[in-house]
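**Q** Fold the following for me, if possible:
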Amino acid sequence: MTRHLPIGLTVALAGIGLALLAAPSWADPQGSAKPDAATRPQAGQKPPAATARPAAATPADSYSYRAEGRRDPFVSLLNRGADPRQGKAEGVAGMLAGDAVLRGVLLSRGTYLALVQGPDAKRQYVVHPNDRFADGVVKAITADSMLILQEVNDPLSLTKQREIRKMLRAVEEVK
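**A** Below is the predicted model:
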């Protein structure tokens with residue numbers, strides 16, 4: 001046999017239960033917060049002023065990321081290295097060392113000069129020793145090759161520079 005309470009008493013008890021669930025345990029019945037030991041004013045001090053919450057906080061105001069030595073999780077992993085072509089310069093200074101093609105070598109006043117063609121294959125440039133590419137420097141030019149010291153822009157690489165040798169003619173293998 002089940003017992004049923006009168007409907008009025010059931011509604012009243014349910015209302016009290018909801019009121020208890022809605023009210024925080026640290027609040028008094030009037031809804032004002034009780035000061036704890038950290039916010040309670042000491043003797044001779046004024047009580048702290050009540051702080052009002054902003055009506056609606058925008059997402060930019062509510063969160064800001066502090067890296068503190070960690071990687072930012074909101075930055076793409078695919079585009080994290082600096083692109084040397086960002087400040088696209090004209091001529092050889094705007095060309096990557098890997099894109100250059102050695103087309104010829106000249107001897108002028110006792111020094112070798114290189115004829116280099118860019119990746120677009122429209123123009124050729126005369127390159128001297130110590131000229132800069134976007135990601136490297138021409139170290140030496142010989143009668144049949146050009147040596148470029150390329151700066152490696154890979155954070156996982158142990159070496160920060162590597163040598164690229166551009167040959168004038170492809171070396172045929174002897175069988």
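**Q** Lys139 and Asp72: what is the separation?
**A** 37 Å (C-beta to C-beta, to the nearest Å). Where you see a C-beta, it was placed from the backbone N, CA and C, and this is true even at glycine.
**Q** So these two - more neighbours on which side?
**A** Lys139 (14 against 10; other C-beta atoms under 10 Å).
**Q** List the residues that contact that one.
**A** By C-beta atoms under 8 Å, 6 or more residues apart in numbering, Lys139 lies in contact with 129-130, 147-149, 163.
**Q** what do you get if the cut-off is 10 Å, keeping everything else the same?
**A** Contact partners of Lys139, counting by C-beta atoms under 10 Å, 6 or more residues apart in numbering, are 129-130, 146-149, 163-165.
**Q** what does Ser76 give?
**A** Under the criterion of C-beta under 10 Å, 6+ apart, Ser76 has no neighbours.
**Q** Local confidence estimate at it?
**A** The model reports Ser76 with a pLDDT of 74.
**Q** Ok, Lys166 next?
**A** Reported pLDDT at Lys166 in the predicted model: 93.
**Q** ok, now Tyr112?
**A** Looking at Tyr112, its pLDDT is 95.
**Q** Excluding chain neighbours, what is closest to it?
**A** Closest residue in space to Tyr112, ignoring its immediate chain neighbours: Ile141 at 4.0 Å, by C-beta to C-beta, 6 or more residues apart in numbering.
**Q** Just the element for Leu107, please.
**A** Assigning secondary structure by DSSP states H and E places Leu107 in strand 101-108.
**Q** what packs against that strand?
**A** Under the contact criterion of 3 or more C-beta pairs under 10 Å, 6 or more residues apart in numbering; DSSP states H and E, strand 101-108 touches strand 111-117, strand 124-127, strand 136-141, strand 145-151, strand 161-167.
**Q** now it: mean pLDDT?
**A** What strand 101-108 shows for mean pLDDT is 93.
**Q** Partner strands of it, with direction?
**A** Strand 101-108 has its sheet partners listed here by DSSP bridges as strand 111-117 (antiparallel).
**Q** who wins for proximity to Ala89 among the helices and strands packed on strand 101-108?
**A** strand 124-127 (12.2 Å; C-beta to C-beta).
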